[in-house]
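*Asks:* Below are the sequence and a predicted model; questions follow.
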Amino acid sequence: MNELPQQLANGLILGAMYGLIAIGYTMVYGIVQLINFAHGEIFMVGGFGALSVYLALPTGTSLILALPIMLIGGIAVSVLVGVAAERFAYRPLRGAPRLAPLITAIGLSIALQQAIWKWYPGGNKARVFPQFKGHSFDILGATVQRGDLFVLIAAPACMIALGFFVSKTRSGRAMQATAQDRDTAKLMGINTDRIIVLAFAIGAAFAGVAAVAYGLRTGEVQFRMGFIMGLKAFTAAVLGGIGNIYGAMLGGVVLGVAESLATAYIEEIPGMQQFGGGAWKDVWAFVLLILVLLLRPQGLLGERVADRA
């Protein structure tokens, strides 16, 4: 029990990253009913974009000074790839059977992985990502590294900004209308193509933020990192209620905390020693998903945010 505050902190940090990525899945699905399985790779290219910006800065630049520029670079690359994916891969298939864009998303995911592996210098192996050096912080009995503070600050800030945007701005209300009924929204004069692009861009921007947080926490980026993180984020979106932006963040936090607690404590249960440790963390994440879908198929929050407008 002495480790409980630390495990909760680890889960919250991990869950915040899952939630930031999950918002991209849930926003796109809420508007065009598309599961963008390439979103994990949009997260991945954002990490490489941030790293490229850092490597382009003068040697010895302080990470505190470099971080805002890295964040802008990571977001810019993620948004560019996300918007290009919508324009050239998904928009031509908007009227096609649902299986067509799903297969396209999987193909795009593989293509982005291979592009980084083939053409990014040293992209075929893990690249070192800068990390903060120095003292950690003791918060309510848990040790939090300086780099982890970034996601603990960035995730709530992003959620507050997104909530304000969706509920208070004209584009946000247009997004809600498009999610409710795209054809009617178009008849009311809303440029639904622009709204769909905006949803892809916002989701990609959040993925770019999560990529920087991931690099600061793990100290590396690699071309495969988007697959498992994207899969976990999709799980978080389903847990919270696919199409619900607040549910996506809640699902991410629940998933991260459950994964952290299961990794630490399952092996303490008599007869379950072989199911504990880090090797089983992914298994317990999907066990949680199955349980939620069995007990509450619509997810923890269920309804889409657009349905409340």
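*Replies:* Arrived safely, thanks for sending.

*Asks:* Put the alpha carbons of stretch 98-111 into CSV.
*Replies:* Taking C-alpha atoms only, stretch 98-111 is exported to CSV below (Å, rounded to 0.1, in the frame of the first residue of the first chain):
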residue,chain,number,x,y,z
ARG,A,98,-17.4,1.7,-44.5
LEU,A,99,-15.0,-1.0,-45.1
ALA,A,100,-13.1,1.0,-47.7
PRO,A,101,-11.9,3.9,-45.5
LEU,A,102,-11.2,1.4,-42.7
ILE,A,103,-8.8,-0.6,-44.9
THR,A,104,-7.4,2.7,-46.2
ALA,A,105,-6.7,3.8,-42.6
ILE,A,106,-4.8,0.6,-41.9
GLY,A,107,-2.8,1.0,-45.1
LEU,A,108,-2.0,4.6,-44.3
SER,A,109,-0.8,3.5,-40.9
ILE,A,110,1.6,1.0,-42.3
ALA,A,111,2.8,3.5,-45.0
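
*Asks:* Kindly confirm whether my reading is correct that His39 touches Leu231.
*Replies:* No. Assessed by CB atoms under 8 Å, His39 is found out of contact with Leu231, at 10.2 Å. The way it works is simple: take the backbone N, C-alpha and C, and place the C-beta from them, glycine included.

*Asks:* so how far is the helix ranked longest in the chain from its chain's centroid?
*Replies:* For the chain, the helix that runs over the most residues, judged by DSSP state H, is helix 4-32. Averaged C-alpha coordinates place helix 4-32 at 6 Å from its chain's average position (CA atoms, centre = their mean, to the nearest Å).

*Asks:* Stretch 282-300 now?
*Replies:* 18 Å.

*Asks:* list the buried ones in that stretch?
*Replies:* Applying a neighbour-count criterion of 16 or more other CB atoms under 10 Å, one finds Trp284, Ala285, Leu288, Leu289, Val292, Gln298, Gly299, Leu300 buried in stretch 282-300.

*Asks:* Identify the residue spatially nearest to the second one, adjacent ones excluded.
*Replies:* Sequence neighbours aside, Glu259 is the residue nearest to Ala285 in space, at 5.0 Å (criterion: CB to CB, 6 or more residues apart in numbering).

*Asks:* same question, Ala264
*Replies:* Gln7 (4.8 Å).

*Asks:* re the thing from before, for the helix or strand containing the residue nearest to Ala285, enumerate the helices and strands it packs against.
*Replies:* Following DSSP states H and E, the helix or strand that holds Glu259 is helix 245-265. Counting contacts by 3 or more CB pairs under 8 Å, 6 or more residues apart in numbering; DSSP states H and E, helix 245-265 is packed against helix 4-32, helix 146-168, helix 225-240, helix 281-295.

*Asks:* Go through those helices and find the least confident stretch.
*Replies:* When the helices and strands packed on helix 245-265 are ranked by mean pLDDT, helix 281-295 comes last with a mean of 83.

*Asks:* who does that helix touch, helix- and strand-wise?
*Replies:* Counting by 3+ CB pairs under 8 Å, 6+ apart, helix 281-295 packs on helix 225-240, helix 245-265.

*Asks:* what distance separates stretch 150-167 from the centre of its chain?
*Replies:* 13 Å.

*Asks:* who touches that stretch?
*Replies:* For stretch 150-167, contacts defined as CB atoms under 8 Å, 6 or more residues apart in numbering pick out 12-13, 16-17, 19-20, 23, 67, 144, 171-173, 175-176, 202, 206, 209-210, 212-213, 216-217, 245-246, 249, 305, 309.

*Asks:* Alright, I will stop here.
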